[in-house]
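**Student:** Give the three-dimensional model of this entry:
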Amino acid sequence: MRIGFTGTMSVGKTTLVNALKELPEFKDYKFKTERSKYLRDLGIPLNTDSTIKGQIVFMAERASELFHPNIITDRTIIDVIAFTKLSPTIKDSSKIKFTKLASQLIEEYDYIFYISPDGVELEDNGVRTTDSGYRDKIDEEIQDVIYNHEDLIKNLIELNGSVEERIKKVKQFLSL
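**Tutor:** Down below sits the predicted model:
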């Protein structure tokens with residue numbers, strides 16, 4: 001199964017994926033987590049500074065993950081589309097073309113878990129922005145991408161609560 005977690009920054013996607021990695025039920029899965037520090041150090045602009053070239057790199061990463069039959073990732077193509085659509089430096093015509101291309105990958109996920117930012121404090125990891133207004137805009141855009149592509153989404157589940165509560169819900173929906 002191809003399982004992706006989507007949500008705005010600092011909602012616990014990476015924490016959740018790392019917790020799942022420790023469970024025996026997921027021993028046959030490959031796990032992919034955020035590489036923002038590495039990509040930033042390569043000179044790829046992140047957050048509000050994203051460019052079309054940078055977003056193409058992020059799309060390629062998400063696409064490469066989908067070659068694995070059993071993968072759990074803390075980012076989806078939905079996240080990439082949302083950040084692209086909110087970038088002030090990417091031309092509108094490029095955003096439209098990018099979204100059209102990238103959205104073709106959404107149906108590759110067997111399960112997409114949306115993690116709500118409600119009740120989750122914004123943390124500074126030294127890479128992502130700590131602008132709460134931008135965080136909210138990304139969340140709104142992610143929800144908009146989900147709504148506009150719901151015909152491509154096989155299984156969409158919203159998660160909230162503690163890591164333990166989220167793990168329980170993930171296992172429940174995956175029948176583990």
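
**Student:** make it CA atoms for all contacts and neighbour counts henceforth
**Tutor:** Fine.

**Student:** burial of residue 138, as a residue count?
**Tutor:** Residue 138: 23 surrounding residues under other Cα atoms under 10 Å.

**Student:** what ranges do the helices span in this structure?
**Tutor:** Ranges of helices in the chain, per DSSP state H, are 13-21, 36-41, 52-65, 77-86, 92-102, 132-148, 163-173.

**Student:** and those helices, which is most packed in?
**Tutor:** Among the helices of the chain, helix 77-86 has the highest mean neighbour count (mean count of other Cα atoms under 10 Å), at a mean of 24.

**Student:** Name the residues that touch that one?
**Tutor:** 6-8, 47-48, 50-52, 55, 58-59, 62-63, 90, 95, 98-99, 102-103, 105-106, 137-138, 141-142, 145-146 (Cα atoms under 8 Å, 6 or more residues apart in numbering).

**Student:** and of the helices of the chain, who's closest to residue 29?
**Tutor:** Of all the helices of the chain, helix 13-21 sits nearest to residue 29, with 8.1 Å by Cα to Cα.

**Student:** From the contact counts, what lies against the closest one?
**Tutor:** Helix 13-21 sits against helix 163-173, with contacts defined as 3 or more Cα pairs under 8 Å, 6 or more residues apart in numbering; DSSP states H and E.

**Student:** what pLDDT, on average, does the helix it packs on get?
**Tutor:** Per-residue pLDDT values over helix 163-173 give a mean of 95.
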